[in-house]
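> here is the input, now give the coordinates:
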Amino acid sequence: MSLEDVTAILGPVLESPSIAKLGQNIKYDLVVLRNHGIRVDGVRFDTMIADYLLEPGQRNHSLDAMSQRYLNHTMVPITELIGKGKKQITLDQVELDRVAYYAAEDADVPLRLYEILNPLLDESPQLRELFDSVEIPLIEVLAEMEFNGIQVNTQLLETMSQEFGSQLESLTASIHKHAGEEFNIDSPKQLSVILFEKMGLPVIKKTKTGASTDAEVLGELAKLGRSDLPELVIRYRQVAKLKSTYVDALPQLVSEKTLRVHTAFHQDVAATGRLSSADPNLQNIPVRTEEGRKIRSAFIAPESDWKLLAADYSQIELRVLAHFARDGALQQAFADDLDIHAQVASEVYDVNLEDVTSDMRRSAKAINFGVIYGQSAFGLAKSLGIDQQDAAEFIESYFTQYPGVEGFMDDTLRDCRKNGYVSTILGRRRLVTDVRDQDSLKNKRQRNLSERIAINTVIQGSAADLIKIAMINVLKQLQTGNWTARLLLQIHDELVFECPEDEIADLREMVVHEMENAAELEVPLKVDVKTGPNWADCEPV
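Below you'll find the predicted structure:
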């Protein structure tokens, strides 16, 4: 029987919305089948996603791991069929009965797991609703983005590779000159000898293998001003990582069939509920550095009369914080669409808004985001380069001006200590232990790691919930309307599309509406939209 015959028989079943489908990591199957002209409908259950919601603390939601954990059954590893290394063969070279057993087991185990996981979801109405209304519909959205991919300018990347290579050669020469000798810059051990033994710089942090030369340590050494070497090494590492991870890797990941890069989106990795991407990881391309912008410029619209459109939630985590904190002053600032960092600076420094300086705003921005991550006076002082006492007074003034924020944090930690978990706006749970009794602490603002994780999960996880809802609603509009535009990427709080120029105005209106109405918060959601011929050169519209 040919592939065409199989497709003709199974296609109508797989595409029928009335025939329920369940599976493990079913998104992968959706993309594979779509490449063969089959658009699967009727997905009702994914064992990987169910386990991710029920056991967010588990690091592995693979079928093998769940089979062992729930069924006490060890599955046949693929390497037992095809081998590995130089002796590896393809699956069509394996005897049919062995392949049949392997395939049948892959189908049977998810069905058995469904019988266990489905009732567990029913025990929590919020998780059930999250699973049915968000995570399962999201599978189709992620499959859509993976199938679409995004076009990249490989010629530009080749030129960029040469430029980055020249930068590395120049940086290597400068580093060796400042060190007074040649050494392997990529060797922490050799770098440690140069910095701490030869140059006599202070040891900031130790590891099991000796003095640390990580980014934080190099940053501290650079601030001392005793040598340019630490700053040069930081720069060298940044350029080397971007060159190897993106500039040199992206052309190798371009599909010969589509001439596009198709990243894989994962919804079962981050405990907060955020999506992650791999092969390539597009979440970590720097936004503010010159090199990061250069790399983004290689992601292009497919044709000359098309554009990329990027829609980004504005300060989504701070808006979520204002929603939960129910602090009147903070909510009013967002309601009035003020510059939130300047407004906080005005309140904390007790000056008129027009008298806020750039340094004041920078400090306010640091504490706005520092609050989310449980930053201490020591951490704030370090990031701003100010005295710790000044930082402590700044934090004190902030919480005096916005008491609702501290109240929200205290309530979150008390509930977490009582329940053993925190919940996002849609009821996504994360188990968190080691939260202390807040009423017994002398300094409640000195958060331990678990307490920082608890607070951050509520805020960041809720922001992740919102953009997932927006993605689902946006794709529904694209599918039901007369659109040529395509959804390509989700990067944290940003959605990236490609569309003909004559659709830009309508697409912008639709996307903004769906993103700003993803949920009804105590403060308005705001979306910034930019368009351009490539990802780096998108400008506001």
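
> residue contacts, the nearest residue to Asp29 once chain neighbours are set aside?
Computed as CB to CB, 6 or more residues apart in numbering, the closest residue to Asp29 that is not its neighbour in sequence is Gly23, at 6.1 Å. Backbone N, C-alpha and C define where each C-beta goes, glycine included. Residues near Gly23 by CB atoms under 8 Å, 6 or more residues apart in numbering: Asp29, Val43, Phe45, Asp46, Thr47, Pro110.

> of those, closest to Ile234?
Asp46 (41.9 Å; CB to CB).

> still on that earlier bit, who does the residue nearest to Asp29 bridge with?
Asp46 (DSSP bridges).

> now it: how far from Glu163?
When distance is defined by CB to CB, to the nearest Å, Gly23 is 45 Å away from Glu163.

> cool, Thr289 as well?
Counting by CB to CB - Thr289 and Glu163 are separated by 14 Å.

> Asn35 now?
Using CB to CB, one gets 35 Å for the distance from Asn35 to Glu163.

> next: Leu156.
10 Å.

> have a look at these two and say which one is more surrounded.
More neighbours surround Leu156 than the other of Leu156 and Glu163, with 17 against 14 (other CB atoms under 10 Å).

> what's the burial count for the spatially closest residue to the more buried one that is not a sequence neighbour?
Nearest residue to Leu156, sequence neighbours excluded (CB to CB, 6+ apart): Ala298, at 5.0 Å. For Ala298, the count of nearby residues is 24 (other CB under 10 Å).

> the one 4 residues further on now?
Counted with other CB under 10 Å, residues neighbouring Pro302 total 14.

> buried ones in the longest helix seen in the chain, by neighbour count?
Ordering each helix of the chain by length in residues (DSSP state H) puts helix 449-480 first. Residues of helix 449-480 classed as buried: 451-475, 478 (neighbour count, 16 or more other CB atoms under 10 Å).

> repeat that for stretch 219-227.
So, applying 16+ other CB under 10 Å, buried residues of stretch 219-227: Leu221, Ala222, Ser227.

> before we move on, what about stretch 3-16?
Quick answer for stretch 3-16 (16+ other CB under 10 Å): Gly11, Leu14.

> C-alpha coordinates for that stretch, PDB please?
What follows is stretch 3-16, C-alpha atoms only, in PDB (Å, rounded to 0.1, in the frame of the first residue of the first chain):
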ATOM      1  CA  LEU A   3       1.700   6.500   1.100                       C
ATOM      2  CA  GLU A   4      -1.000   8.100  -1.100                       C
ATOM      3  CA  ASP A   5      -3.400   5.100  -0.300                       C
ATOM      4  CA  VAL A   6      -2.800   5.400   3.400                       C
ATOM      5  CA  THR A   7      -3.400   9.200   3.200                       C
ATOM      6  CA  ALA A   8      -6.600   8.600   1.400                       C
ATOM      7  CA  ILE A   9      -7.900   6.200   3.900                       C
ATOM      8  CA  LEU A  10      -6.800   7.900   7.100                       C
ATOM      9  CA  GLY A  11      -7.100  11.500   6.000                       C
ATOM     10  CA  PRO A  12     -10.900  11.800   6.400                       C
ATOM     11  CA  VAL A  13     -10.700  10.200   9.900                       C
ATOM     12  CA  LEU A  14      -7.800  12.400  11.100                       C
ATOM     13  CA  GLU A  15      -9.400  15.600   9.700                       C
ATOM     14  CA  SER A  16     -12.900  14.900  11.200                       C
END
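
> can you list the domains in the protein?
The record's domain parsing of the chain by automatic domain parsing lists 3-123, 152-261, 266-316+464-540, 317-462.

> need those domains in CSV (columns: mean pLDDT and distance to Glu140).
Listed next are these as CSV, based on pLDDT from 0 to 100; distance: least, CB to CB, whole Å:
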stretch, mean pLDDT, distance to Glu140
domain 3-123, 92, 7
domain 152-261, 93, 19
domain 266-316+464-540, 95, 7
domain 317-462, 89, 18
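
> got a list of what Phe399 touches?
Val405, Glu406, Arg445.

> I meant Thr213, not that one.
Pro188, Leu191, Ser192, Leu195, Val233.

> check the gap between the first one and Gly210 for me.
In other words, Pro188. According to CB to CB, Pro188 stands 8 Å off from Gly210.

> same check on Glu347?
Remark: distance between Glu347 and Gly210 (CB to CB) = 47 Å.

> neighbour-wise, which of the two wins?
Using other CB under 10 Å as the criterion, Glu347 and Gly210 rank with Glu347 on top: 20 against 13.

> what about the more buried one, which helix or strand?
helix 340-349 (DSSP states H and E).

> what's the next secondary structure element after that helix?
helix 358-372.

> buried sites along that following helix?
For helix 358-372, using 16+ other CB under 10 Å, the buried residues are Met360, Arg361, Ser363, Ala364, Lys365, Ala366, Ile367, Asn368, Phe369, Gly370, Val371, Ile372.

> same thing with stretch 371-380?
Within stretch 371-380, judged by 16+ other CB under 10 Å, the buried ones are Val371, Ile372, Gly374, Gln375, Ser376, Ala377, Leu380.

> what's the first-to-last distance across that stretch?
End-to-end span of stretch 371-380 (CA to CA, to the nearest Å): 10 Å.

> give me the helices and strands touching the helix or strand hosting Phe497, please.
Using DSSP H and E, Phe497 sits within strand 494-500. Helices and strands touching strand 494-500, by 3 or more CB pairs under 8 Å, 6 or more residues apart in numbering; DSSP states H and E, are strand 150-152, strand 306-313, helix 449-480, strand 486-491, helix 504-516.

> JSON lines please, covering the ones you listed and showing distance to Asp64.
Below are those laid out as JSON lines (distance: least, CB to CB, whole Å):
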{"stretch": "strand 150-152", "distance to Asp64": "32"}
{"stretch": "strand 306-313", "distance to Asp64": "37"}
{"stretch": "helix 449-480", "distance to Asp64": "27"}
{"stretch": "strand 486-491", "distance to Asp64": "28"}
{"stretch": "helix 504-516", "distance to Asp64": "38"}
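
> who wins for proximity to Gln267 among those?
Of the helices and strands packed on strand 494-500, nearest to Gln267 by CB to CB is helix 449-480, at 8.3 Å.

> measure how the closest one sits relative to strand 494-500, angle-wise.
Orientation note: helix 449-480 sits at an angle of 20 degrees relative to strand 494-500 (axes from the mean of the first three to the mean of the last three CA atoms, to 10 degrees).

> and helix 449-480, how far from the chain's centre?
11 Å (CA atoms, centre = their mean, to the nearest Å).
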